[in-house]
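J.: for reference, the sequence and a predicted model appear below.
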Amino acid sequence: ISTICEDSREHRSFVLKYRKQLSNLLLSNLSSILSNVIEVKKSLKLFLRIGELSIKLMSETKNEKLAKQAATAIGKVTLKNWMRICEACPLSQEGSILQLIYYLIKVTSVFATFHEEAGPEVLSWWCDILQSTRIRLKVKHKALALLLTMEKVASMKEELPLKLKRCLIDFSSQHFPVKSLELKEGTLELNEYQSIFRIFLKVLEERASPVIFYLVLSVACREEEHVCETDIQDSIFKMMNKNSTDVLVKTLNVAWEIFDESSGEFSSNIKLATVSRFLLPALLSASSHLIIVFYKEKLERLLKVVGDILRGGEESKVKTLTSKCGSFLLFGALYSKMDQAQVHSKGSELTTLAADVLRISNLFPQGKGDGKEMSSFLVKSITESRKETFQEGCSEDFKNLFRTFHCSIQNCMISVISCIQNIEKLYNHFIFKDGSIWATIIDTEKEIKFEMEQEQLKTRRRQLVTIRQNAQDSTMPATNYIQSHYLSDSSLSQDIGHYDFTSSLNEGLSDTAITARVNEQLSSVACHFLELEGDELGSHPCM
């Protein structure tokens with residue numbers, strides 16, 4: 001075995017020629033062979049080579065039972081002799097570390113219960129690599145291929161998630177810039193950063209790990225838009241679809257705790273980014289059951305925050321405004337996601353709980369016990385909040401926070417009315433009639449230029465849609481598409497021809513077929529987002 005594992009052309013040819021005989025010999029005695037190599041010969045290099053050769057032979061053998069036994073053997077022997085392996089692979093030898101990383105990637109791919117049998121020492125070794133200041137980022141990047149396995153290892157014992165969290169925070173502090181936009185487009189540094197960040201997102205999708213969620217959130221919320229913002233939003237949706245309610249509630253509570261903390265550890269901007277860029281997308285793609293579980297725990301706190309009155313100086317008002325902004329955003333998500341029966345009718349869990357909170361706290365004494373107390377309280381609070389404004393001489397940041405506050409209450413009002421009403425004049429009365437709202441949600445001192453021609457194309461951005469999706473129901477008229485050549489005799493022919501990039505794709509198809517194709521393409525797009533131009537108008541929160 002030692003001879004054929006030597007790296008030479010003759011030995012590789014020998015292995016290829018007698019693969020079947022070697023497979024039976026090696027896989028049948030793998031446990032004793034590997035134990036002998038590491039305990040007697042004390043050769044890590046040989047141990048890794050035999051292990052990798054065995055894993056290759058496992059994938060090729062037709063004897064599934066033998067392959068399964070060999071996979072178990074290689075996993076158990078590796079874990080049993082882990083301390084010996086680590087002694088032979090010090091952190092100062094990057095080459096040996098890389099070999100062991102590649103070996104573990106292959107072992108974990110065949111030994112499914114690796115994370116269940118691995119002890120804290122395996123996680124400690126991996127964390128030491130990421131936290132070391134002597135090991136290059138290139139090596140750590142390879143080690144992150146084991147992140148999914150190590151997250152599973154950490155989840156097996158209560159004290160290990162904290163160890164993993166400290167490790168990942170140390171890693172990000174060492175190698176991540178304060179803001180991702182510091183990295184120039186097209187550089188190797190940006191490509192490596194994006195590649196590493198997507199590894200974190202992939203594990204977040206699969207496991208909904210609170211530790212990974214906190215890391216991604218803490219890094220992304222340092223800036224208005226992260227370089228991987230679209231990937232983050234996509235991963236949140238996938239995470240919500242792949243994991244159980246119990247796991248997801250624990251993960252979303254990470255974001256809630258950041259938003260609701262009162263010690264001053266997190267700034268107003270980070271708290272609001274946590275709600276708007278993490279909690280809202282997650283809740284809007286959650287099941288009704290998860291929504292109810294999540295909001296039942298927070299409803300009392302949210303209602304009391306909405307009922308808070310702005311008092312004190314600027315610092316005190318900033319805290320109150322931040323809490324109220326986030327609370328109105330969360331109520332907007334609730335009414336966007338749920339039906340009237342759950343948020344505006346007697347007997348549901350949420351309306352019953354809300355009625356009790358409002359009655360005991362004396363926030364809405366005029367409640368009638370009809371299940372509509374929460375909706376009525378929110379509409380009343382929003383109407384009163386529209387009168388709030390900043391005083392002359394305050395800071396620009398304070399003015400911007402007030403504008404954010406008024407945008408959040410406007411969006412919340414839209415969500416609430418869209419859920420509980422279907423009469424047109426009520427939409428106008430509650431949402432648009434009050435002409436004073438425009439001066440509060442738009443910076444009237446800022447000059448906005450609407451140019452006939454743009455010097456450069458604005459980047460498009462994805463806007464999260466928080467209005468009810470089921471308003472777009474079967475009562476809406478179907479959209480039909482016609483080919484642009486029907487307008488060939490029209491004065492619009494040049495304009496249409498200039499922008500119709502699909503005419504060649506649709507050539508020879510009927511209008512019905514084109515309509516079906518377009519609708520199929522539209523249905524494959526996540527309905528929670530709308531693409532807007534990234535100009536002054538398209539980037540407004542109320543768009």
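T.: That came through, no problem.

J.: count the neighbours of residue 100 for me.
T.: The local packing of residue 100 (other Cβ atoms under 10 Å) involves 22 other residues. In this view, the C-beta of every residue, glycine as well, is placed from N, C-alpha and C.

J.: ugh, wrong one, I meant residue 204
T.: Around residue 204 there are 26 other residues, counting by other Cβ under 10 Å.

J.: and it, that's in a strand?
T.: No - the assignment for residue 204 by DSSP: H, G, I helix; E, B strand; the rest coil gives helix, which leaves it out of any strand.

J.: so it touches residue 239, yeah?
T.: Yes - with contacts counted by Cβ atoms under 8 Å, residue 204 reaches residue 239, the gap being 5.7 Å.

J.: just the CA coordinates for whatever helix or strand residue 293 lives in, please, in CSV.
T.: Counting by DSSP states H and E, the secondary-structure element that holds residue 293 is helix 288-306. Extracted in CSV, the C-alpha atoms of helix 288-306 (Å, rounded to 0.1, in the frame of the first residue of the first chain):
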residue,chain,number,x,y,z
SER,A,288,-48.6,32.1,8.0
HIS,A,289,-47.8,29.8,10.9
LEU,A,290,-44.3,31.2,11.3
ILE,A,291,-45.7,34.8,11.1
ILE,A,292,-48.1,34.1,13.9
VAL,A,293,-45.4,32.4,16.1
PHE,A,294,-43.0,35.3,15.5
TYR,A,295,-45.5,38.2,16.1
LYS,A,296,-47.2,36.6,19.1
GLU,A,297,-43.9,37.0,21.0
LYS,A,298,-43.3,40.6,19.9
LEU,A,299,-46.8,42.0,19.6
GLU,A,300,-47.0,43.6,23.0
ARG,A,301,-43.6,45.3,22.5
LEU,A,302,-44.5,46.5,19.0
LEU,A,303,-47.9,48.0,20.1
LYS,A,304,-46.3,49.8,23.1
VAL,A,305,-43.6,51.2,20.8
VAL,A,306,-46.2,52.5,18.4
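
J.: who touches stretch 65-79?
T.: Surrounding stretch 65-79, the residues in contact under the criterion Cβ atoms under 8 Å, 6 or more residues apart in numbering are 24, 27-28, 30-31, 34-35, 38, 51, 54-55, 57-59, 61, 85, 104, 107, 110-111, 113-114, 117-119, 122.

J.: show me what the helix holding residue 293 is packed against.
T.: Using 3 or more Cβ pairs under 8 Å, 6 or more residues apart in numbering; DSSP states H and E as the contact definition, the elements that helix 288-306 packs against are helix 245-260, helix 314-337, helix 349-360, helix 373-385.

J.: which of those helices sits most buried?
T.: Per-stretch averages of neighbours, counted by mean count of other Cβ atoms under 10 Å, single out helix 314-337 among the helices and strands packed on helix 288-306, with a mean of 22.

J.: same for that helix, what does it pack against?
T.: Contact partners of helix 314-337 among helices and strands, from 3+ Cβ pairs under 8 Å, 6+ apart: helix 268-274, helix 280-284, helix 288-306, helix 373-385, helix 396-420.

J.: can I get those helices in a markdown table with mean pLDDT and distance to residue 199?
T.: A markdown table is the format used below for the helices and strands packed on helix 314-337 (pLDDT from 0 to 100; distance: least, Cβ to Cβ, whole Å):
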| stretch | mean pLDDT | distance to residue 199 |
| --- | --- | --- |
| helix 268-274 | 96 | 22 |
| helix 280-284 | 94 | 20 |
| helix 288-306 | 96 | 26 |
| helix 373-385 | 95 | 41 |
| helix 396-420 | 93 | 33 |
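
J.: want to throw those into CSV with distance to residue 439?
T.: Compiled in CSV, the helices and strands packed on helix 314-337 are given as follows (distance: least, Cβ to Cβ, whole Å):
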stretch, distance to residue 439
helix 268-274, 22
helix 280-284, 26
helix 288-306, 23
helix 373-385, 15
helix 396-420, 9
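
J.: how about the spatially most central residue of the chain: what's its closest non-neighbour residue?
T.: Nearest residue to the geometric centre of the chain (Cα atoms, centre = their mean): residue 236, 3.1 Å. Using Cβ to Cβ, 6 or more residues apart in numbering and skipping residues adjacent in sequence, the residue nearest residue 236 is residue 281, 4.8 Å away.

J.: and that neighbour, how many neighbours?
T.: Around residue 281 sit 24 other residues, with neighbours defined as other Cβ under 10 Å.

J.: then residue 264?
T.: Using other Cβ under 10 Å as the criterion, residue 264 is surrounded by 8 other residues.

J.: ok, now how distant is it from residue 322?
T.: Separation of residue 264 from residue 322 (Cβ to Cβ, to the nearest Å) stands at 11 Å.
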